[in-house]
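[1] Pasted the sequence and its predicted model underneath.
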Amino acid sequence: MVSDLLLGGDLRYHIQQEIVFSEESVVLFVAEIALALDYLQTHKIIHRDIKPDNILLDEEECEILCNFL
């Protein structure tokens, strides 16, 4: 499997480091994840393991949902 290089780490890492996100960033995170889940549901795809470890951030703090079963 090949994927993009994401230098932002996963969301779990940021939570453990107690990195504070702005309210605007959190709203954007939730909206992007909701859009990803809506897309998956529209295409009848089930993730079944959504957790901070499986949400990767790029350098611009955009989320990538990963580790599909």
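    Great, that's in hand. Just so it is clear, the model here is predicted, and its values are computed rather than measured.

[2] drop to CA atoms for contacts and neighbour counts, all remaining ones
    OK.

[3] my guess is Asp53 meets Leu11, correct?
    Yes - with contact defined as C-alpha atoms under 8 Å, Asp53 and Leu11 form a contacting pair (6.1 Å).

[4] out of the two, which sits in the busier spot?
    Leu11 (19 against 15; other C-alpha atoms under 10 Å).

[5] Can you get me a residue count around Asp49?
    12.

[6] before we move on, what about Cys66?
    Counted with other C-alpha under 10 Å, residues neighbouring Cys66 total 16.

[7] Let's verify Leu56: helix, strand, or coil?
    strand (DSSP: H, G, I helix; E, B strand; the rest coil).

[8] Quick check: it vs Lys44, distance?
    22 Å (C-alpha to C-alpha, to the nearest Å).

[9] So the two - more neighbours on which side?
    Leu56 (20 against 9).

[10] nearest residue to the more buried one other than its sequence neighbours?
    Nearest non-adjacent residue to Leu56, counting by C-alpha to C-alpha, 6 or more residues apart in numbering: Asp10, 4.2 Å away.

[11] check contacts around the one you found.
    Pro52, Asp53, Asn54, Ile55, Leu56, Leu57 (C-alpha atoms under 8 Å, 6 or more residues apart in numbering).
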